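[1] I would like the atomic coordinates for the input below:
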Amino acid sequence: MERRRVLQAAAGVTLGAAVLGGALLWRRGPDDATTAAALIPDVPLGDERLEQRQSSARGATVDFYTAVPAGHGDGRGLPVCLVLHGASATAASYPGFGFGRFLSDAVRRGVPPFVLAGATGGRLRWEPSGSDDPQRMAYEEIPAWCAERGFDTTRLALWGWSMGGYGVLRLAESRPGAYRAVAAFSPAVARGDRVFADAAALAGTPVALWCGKQDGFYEDVRALAPTIPGATTAYADGAHTRTYWNSITPAAFDFLGRALSPA
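    Numbers count the residues shown, from 1 in each chain. The predicted model follows:
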């Protein structure tokens, strides 16, 4: 019960309402925190760490998160899924969101093991702004920090939600062929933005999009999907909330783990 209270408190540290690009994202209340926490698998944690690193790309000290599935030690030799957060979260939110437990649960279900890694990218949609370049941090510095830990950075995938969903699509578009797969939850996209403009650059990269039908971005995500060559989609009832994202995380980890498998 005490762990559940901690998870609920961590999951509830968000904006009551957020606006990005003029679109209402979500209105989070106590019910969402409770139902989101209830969806976190009750399985052991592996090696989960939250450290601080100096990012030259961002000109700041940032939180750096990693999670290894239970039973896989320090994760040496495992491939990496880079995690890009939404506007109301930071890398320090990830333990409370239960990411390490979702990862252990996926591997227990037979998904090939991989590592999660992410750092705080601010609120810039993961786009450069002046001297602050969270996108460069994501493609250059986070993999370097992972390599220091012995992770296999020759096999990388991307996962993000909301602003981070936009971010993973942009990152893959800017570096065609660099990533084995991209999973985007409720990406904060709009017709005519840079993700739409460069969607053809995703050809050859497995891309999966998830979005709730009650999400403010739903229609834009549906419009984006056909412009991404070979993209797969999954739409279901749900809003722009942690409850919805937790409900689809197991499917995303299946997709990502199999894409990162050596075979």
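
[2] all strands for the stretch 151-263 of the chain, in order.
    152-161, 182-185, 207-212, 232-236 (DSSP state E, counting those that start in this stretch).

[3] ok, now the stretch 1-150 of the chain?
    Secondary structure of the stretch 1-150 of the chain (DSSP E, counting those that start in this stretch): strands at 17-20, 23-27, 48-55, 60-67, 79-84, 115-119.

[4] Tell me which of the ones you listed sits nearest to residue 95.
    Residue 95 lies closest to strand 48-55 among the strands of the stretch 1-150 of the chain, at 6.2 Å (C-beta to C-beta). From N, CA and C alone the C-beta is placed, and that goes for glycine too.

[5] Quick check: neighbours of that closest one in the sheet, parallel or antiparallel?
    Using DSSP bridges, the strands paired with strand 48-55 in its sheet are strand 60-67 (antiparallel).

[6] just to revisit the earlier point, just put the strands of the stretch 151-263 of the chain in a markdown table and tack on mean neighbour count.
    As requested, the strands of the stretch 151-263 of the chain are exported to a markdown table (neighbours: other C-beta atoms under 10 Å):
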| stretch | mean neighbour count |
| --- | --- |
| strand 152-161 | 22 |
| strand 182-185 | 28 |
| strand 207-212 | 25 |
| strand 232-236 | 14 |
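
[7] mind putting the strands of the stretch 1-150 of the chain in a markdown table, mean pLDDT included?
    Converted to a markdown table, those look like this (pLDDT from 0 to 100):
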| stretch | mean pLDDT |
| --- | --- |
| strand 17-20 | 32 |
| strand 23-27 | 38 |
| strand 48-55 | 98 |
| strand 60-67 | 98 |
| strand 79-84 | 98 |
| strand 115-119 | 98 |
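
[8] Make a markdown table out of those strands and add distance to residue 246 and mean neighbour count.
    Listed next are those as a markdown table, based on distance: least, C-beta to C-beta, whole Å; neighbours: other C-beta atoms under 10 Å:
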| stretch | distance to residue 246 | mean neighbour count |
| --- | --- | --- |
| strand 17-20 | 18 | 15 |
| strand 23-27 | 14 | 18 |
| strand 48-55 | 17 | 16 |
| strand 60-67 | 15 | 21 |
| strand 79-84 | 14 | 27 |
| strand 115-119 | 15 | 27 |
